[in-house]
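**Student:** The sequence and its predicted three-dimensional model are supplied below.
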Amino acid sequence: MKAHHIEEVLFSADQIEARVRALVHDMAEGCRSENLVLIGVLRGSFIFLADLVRELYRQDVHPRIDFMTLESYGSGTESSGTVRVAKDVGMEVAGTDVLVVDDILDTGRTLSFARQHLLALGARTVRTCALLDKPARRSVPFQADYVGFTIEDRFVVGYGLDYDGRYREVPHIACVTFAG
Ligand code: XMP
């Protein structure tokens, strides 16, 4: 782990809560399918997905929920460039309407791969939702259907996002500064 410190709060817990509520309000009508499945990309999406589904419940949307583990980053902050399925979805997705939920859209490789993978498994439709979007970092053309916050090219942690496995439990989102 490189020497680093956690900087100022980028989004407070209250700001995140308000944004998740507004986001779900916007997406609820498009989520009325009987066959809706939310698939969280582990590990970073676990808190976001937990908040999303409880807000969807308040909007009378009742999806099935599953997870898949995709790997592209090692233990640091740079992507290796390739994405692989470390643990696939456990349920049958053929014929379903999938909403893939991820913590952050960076190069675009993870969500682009997830989308292709789920379509190949026979999903009827695949939409994507990312809490954070760093458009400046995109290396493959990709746009999520739903985005919480668009941010600059900063490495961030908290609310499920980690640096080397740490800080996922932080209730807000903060920037990390690396020494040197
Ligand atoms: P791609 O590049 O495939 O990346 O769009 C998505 C994955 O990259 C990780 N990532 C981050 N993780 N802080 C993190 O904790 C960040 O600022 C950050 N940027 C990218 C993350 O795992 C995400 O799912």
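**Tutor:** Alright, I've got the coordinates. Numbering: from 1, shown residues only.

**Student:** And the lowest-mean-pLDDT helix or strand in the chain, what does it pack against?
**Tutor:** Between all helices and strands in the chain, the lowest mean by mean pLDDT, DSSP states H and E belongs to strand 79-87, at a mean of 85. Strand 79-87 sits against strand 64-73, helix 109-120, with contacts defined as 3 or more CB pairs under 8 Å, 6 or more residues apart in numbering; DSSP states H and E. Using the backbone N, CA and C atoms, a C-beta is placed for each residue, glycine as well.

**Student:** can you give me the helices for the protein?
**Tutor:** 13-27, 46-58, 109-120 (DSSP state H).

**Student:** of all those helices, which lies closest to the ligand?
**Tutor:** helix 109-120 (3.2 Å; CB to the nearest ligand atom).

**Student:** by how many degrees do the closest one and strand 64-73 diverge?
**Tutor:** 130 degrees (axes from the mean of the first three to the mean of the last three CA atoms, to 10 degrees).

**Student:** Would you mark the buried spots in helix 109-120?
**Tutor:** For helix 109-120, burial by neighbour count (16 or more other CB atoms under 10 Å) applies to 109, 110, 111, 112, 113, 114, 115, 117, 118.

**Student:** what subset of the residues you listed is also close to the ligand?
**Tutor:** When contact is defined as CB under 6 Å from any ligand atom, these meet the ligand at 109, 110.

**Student:** follow-up on the earlier one: ranked by average pLDDT, which of the helices and strands packed on strand 79-87 falls at the bottom?
**Tutor:** In terms of mean pLDDT, the lowest-scoring of the helices and strands packed on strand 79-87 is strand 64-73 (a mean of 91).

**Student:** picking that back up, other residues contacting the least confident helix or strand of the chain?
**Tutor:** Contacts of strand 79-87 from elsewhere in the structure, counted by CB atoms under 8 Å, 6 or more residues apart in numbering, are 42, 67-74, 106-107, 109-110, 113-114, 117.
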